[in-house]
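S.K.: Quick one, what's the 3D model for this:
(2 chains)
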Protein chains: 2
Amino acid sequence: MARRSLALSKVYGLLEPGPVVLLSTARAGKANLMTLSWHTMMEFEPPLVGCVVSDRNHSFRLLKATRECVINIPTADLAEKVVGCGNTTGADIDKFTVFGLTPVPAALVGAPLIAECFANLECRVADTRMVASYGFFVLEVVRAWLDRAVVRPRTIHHLGHGNFMTAGERIKLRSKMK
Amino acid sequence: MARRSLALSKVYGLLEPGPVVLLSTARAGKANLMTLSWHTMMEFEPPLVGCVVSDRNHSFRLLKATRECVINIPTADLAEKVVGCGNTTGADIDKFTVFGLTPVPAALVGAPLIAECFANLECRVADTRMVASYGFFVLEVVRAWLDRAVVRPRTIHHLGHGNFMTAGERIKLRSKMK
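M.R.: Here you go, the predicted structure:
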């Protein structure tokens, strides 16, 4: 296992391409997971991430109550588990057990990292102004982890109704952009 | 040209995978463009899109003043133009002319569609509560266009510093998710 701390200034490069992520939360020793594609970077450093967690999700209550979560980024080999997490509710099942995912204690938050994901971002809720209107939480990433053994991670990107595209060829262009 | 109106209920499938987009704005007969990756869906229908437009961008002033824009989605063949738009400012140059992009009048907003992009989403600003804090605009998509000749569009996804991944292989799984 080559999971190491990642500089917070590099977090945006993980989320900016738009991968499907697994959001983990926990309360009273019970952890939950949800599949999520509606997220965006909002600031480079400290990294702010906006994401929509509908109040129809079990995770909504956990996130609202604890104000902590972990954003975990899966690769294509986990696609079936990711869809499984999206098709079920943590109100009824323990998703870690059912889908064979391994919770690992985080450093700064109560929610667990998912061992099988190549990147894990420990987050605290930073702004709840748009939670009532849209379920939109602004999160601050307080600690980031990256499995450096994973080169060119084949992230998955949701096109709707269980159709995904996976990260393909790369292009490098001269750019002044971050 | 096979550009046709797209049902608003299908818009999320275009943005959810996280492509780099070109945001067009216009004021007093002068159009501008910016490259943008920090966006997320916020509602299915009517489609709401949140995006960050920094007040350091020329487009910020146009978007704030007119409350209208178009989100245009490019494919990999436009990658150099997309980076060019990200490296320059509309305060100094006319990006449509410099990068050889073709403005097409929109149906409902003053900003133009970009003819070379396979999808175009006409938007009006719906919520400015987080503009002062984060440059975060909530947009409502009021009209959507799709070039149906483009099958499996090879969208581009920014990894930072001019490194992009392009849309690769597809996966189809059984899902109850939208």
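S.K.: Run a quick neighbour tally on residue A:8.
M.R.: With neighbours defined by other C-beta atoms under 10 Å in any protein chain shown, the count for residue A:8 comes to 17. For the C-beta atoms, the positions are set from N, CA and C on the backbone; glycine is no exception.
S.K.: Check chain A for its longest strand and report it.
M.R.: For chain A, the strand reaching the highest residue count under DSSP state E is reported as strand A:136-147.
S.K.: Check whether it comes near chain B.
M.R.: Yes. Remark: strand A:136-147 sits within contact range of chain B at A:136, A:138, by C-beta under 8 Å from any C-beta of the partner chain.
S.K.: what's the next secondary structure element after that strand?
M.R.: Using DSSP states H and E, the helix or strand that follows strand A:136-147 towards the C-terminus is strand A:156-160.
S.K.: What ranges in chain A fall below the confidence cut-off?
M.R.: By pLDDT under 70, the weakly predicted segments of chain A are A:1.
S.K.: Show me the residue at the heart of it, geometrically.
M.R.: Central residue of chain A (C-alpha atoms, centre = their mean): residue A:71, 2.4 Å from the mean position.
S.K.: What are the neighbouring residues in contact with that residue?
M.R.: Contacts were defined as C-beta atoms under 8 Å, 6 or more residues apart in numbering or on different chains; by that measure residue A:71 touches A:15, A:21-23, A:39, A:49, A:51, A:120-121, A:123, A:139, A:141.
S.K.: ditto for residue A:157
M.R.: In this structure, residue A:157 makes contact with A:17-20, A:37, A:164-167, B:16-18, B:157, B:167, judged by C-beta under 8 Å, 6+ apart.
S.K.: Now the terminal residues of stretch A:74-88, how far apart.
M.R.: Taking C-alpha to C-alpha, to the nearest Å as the measure, stretch A:74-88 stretches 18 Å from start to finish.
S.K.: got the buried residues for it?
M.R.: Of the residues in stretch A:74-88, those scored as buried under the neighbour-count criterion (16 or more other C-beta atoms under 10 Å in any protein chain shown) are A:74-76, A:78-79, A:81-86, A:88.
S.K.: same thing with stretch A:101-121?
M.R.: Across stretch A:101-121, burial judged by 16+ other C-beta under 10 Å covers A:101, A:103-104, A:106, A:109-114, A:116-121.
S.K.: What are the contacting residues of it?
M.R.: Outside stretch A:101-121, the residues that reach it (C-beta under 8 Å, 6+ apart) are A:1, A:3, A:6, A:11, A:14-15, A:22, A:24-27, A:31, A:33, A:47, A:49, A:66, A:68-75, A:78, A:81, A:95-96, A:122-124, A:141-147, A:150, A:153.
S.K.: Looking at these, which are in helices?
M.R.: Using DSSP state H, A:14-15, A:66, A:81, A:95-96 are the members of those that sit in helices.
S.K.: Top of those residues by number of neighbours, please.
M.R.: For the ones in helices among the contacts of stretch A:101-121, the largest neighbour count, defined by other C-beta under 10 Å, is 25 neighbours, found at residue A:14.
S.K.: Please name the bridge partners of the residue lying closest to the residue nearest to the centre of chain A once chain neighbours are set aside.
M.R.: If you skip the residues right next to it in sequence, residue A:71 has residue A:121 as its closest partner in space, 4.2 Å away by C-beta to C-beta, 6 or more residues apart in numbering or on different chains. On the basis of DSSP bridges, residue A:121 is bridged to residue A:71, residue A:144.
S.K.: re the thing from before, near chain B, from the buried residues of stretch A:74-88?
M.R.: The subset of the buried residues of stretch A:74-88 within reach of chain B, counting by C-beta under 8 Å from any C-beta, consists of A:76, A:79, A:83, A:86.
S.K.: Let me have these in JSON lines, extended by distance to residue B:173.
M.R.: Shown next, in JSON lines, are these (distance: C-beta to C-beta, whole Å):
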{"residue": "A:76", "distance to residue B:173": "11"}
{"residue": "A:79", "distance to residue B:173": "6"}
{"residue": "A:83", "distance to residue B:173": "5"}
{"residue": "A:86", "distance to residue B:173": "10"}
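S.K.: Show me which of these is closest to residue A:177.
M.R.: Within these, distances to residue A:177 taken as C-beta to C-beta reach their minimum at residue A:76, with 27.0 Å.
S.K.: What does residue A:74 show for phi and psi?
M.R.: With angles defined as degrees, to the nearest 10, residue A:74 shows backbone torsions of phi -90, psi 160.
S.K.: ok, it - contacts?
M.R.: Counting by C-beta under 8 Å, 6+ apart, the residues that residue A:74 touches are A:19-22, A:81-82, A:114, A:116-118, A:155-156.
S.K.: same thing but at 7 Å, please
M.R.: The contact partners of residue A:74, taken as C-beta atoms under 7 Å, 6 or more residues apart in numbering or on different chains, are A:20, A:22, A:82, A:117, A:156.
S.K.: close to chain B, is stretch A:43-57?
M.R.: Yes. Taking C-beta under 7 Å from any C-beta of the partner chain as the criterion, stretch A:43-57 and chain B are in contact, through A:43, A:50, A:52.
S.K.: so what's the last one bridging to?
M.R.: Spelled out, it's residue A:52. Residue A:52 has these beta-bridge partners by DSSP bridges: residue A:136.
S.K.: Alright, that wraps it up for me.
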